[in-house]
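Visitor: Got a sequence here, can you model it:
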Amino acid sequence: MRTRLEKGLGLQVTETSAGINALMRLALKGKIAGDTYYLKMDKLAFDQAMKGDEGEDYYQMYVQQRALGLEAFQNEVITELGACLGTGLHQIVRCHNYDSGQWLLMQVVNHPKCEFATALTIYWANQPNYHYLKYENLEQASQDTKNLSRETALLLNQIEVKAKLGKFMRSITVPDRNDLSDFLDRKNFDYANKPFIEIPVELRI
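Guide: Predicted coordinates:
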């Protein structure tokens, strides 16, 4: 059975250690920091939407977000992430539900201790092939204001830039194609020809 925290994150796997639980809480807080849905509600609508959830971790975090305001709440999360090592950031990404937006993932990717293994996982979990089938490159996808997946394209482009520059840490074992198979939908990519020739060599699997 999933814990309340796991339900809030949308996770299916039970984690039990105190250290993992603390990182899961930070992952949940980061998820909420990138979500303005409840922030925009008036108090009556918020109370009605959250009725019965007052004992949940996410309820307390949304209350805190509403009290502090979005920017202050996000800054608090950024400060807490700043104390994380690369292994902790990797665990936070493992706790992230990929339907929860890209704000938290962008903070992880831009963290000075972000591991290449973490960035590679984020990259393929967000399916860069989708963008390359529609655009010449990710920079073009990022600049298209009509692109409904522009936020994801910005994240992926940032990973590509940092990977090319060798800016990620390299102490965690890098996942291979088998490790990332759930994100690839059994697809093979022809890196010798367009459009996938534009995917940086550093990120190919």
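
Visitor: ok, the residue nearest to Leu138 when sequence neighbours are not counted - contacts?
Guide: Spatial nearest neighbour of Leu138, excluding adjacent residues (Cβ to Cβ, 6 or more residues apart in numbering): Asn157 at 4.0 Å. Every C-beta, even on glycine, is put in place using the N, C-alpha and C of the backbone. For Asn157, the contact set (Cβ atoms under 8 Å, 6 or more residues apart in numbering) comprises 138-139, 141-142.

Visitor: before we move on, what about Pro195?
Guide: Pro195 neighbours (Cβ under 8 Å, 6+ apart): 132-133, 136.

Visitor: Can you turn the buried part of these into a ChimeraX selection?
Guide: Filtering the contacts of Pro195 down to the buried ones (16 or more other Cβ atoms under 10 Å) takes a single ChimeraX command:
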select :132
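
Visitor: among the contacts of Pro195, which are in helices?
Guide: Tyr132 (DSSP state H).

Visitor: Surely Ala38 and Asp47 touch.
Guide: Wrong residue type there; residue 38 is Tyr, not Ala. No. Under the criterion of Cβ atoms under 8 Å, Tyr38 makes no contact with Asp47, lying 10.7 Å away.

Visitor: ok, the two, which is more surrounded?
Guide: Tyr38 (18 against 11; other Cβ atoms under 10 Å).

Visitor: residues contacting the more buried one?
Guide: Contacts of Tyr38 by Cβ under 8 Å, 6+ apart are 46, 49-50, 62, 65-66.

Visitor: how about 7 Å then?
Guide: Residues in contact with Tyr38, defined by Cβ atoms under 7 Å, 6 or more residues apart in numbering, are 46, 49, 62.

Visitor: can you check Lys29 too?
Guide: Per Cβ under 7 Å, 6+ apart, neighbours of Lys29: 61, 77.
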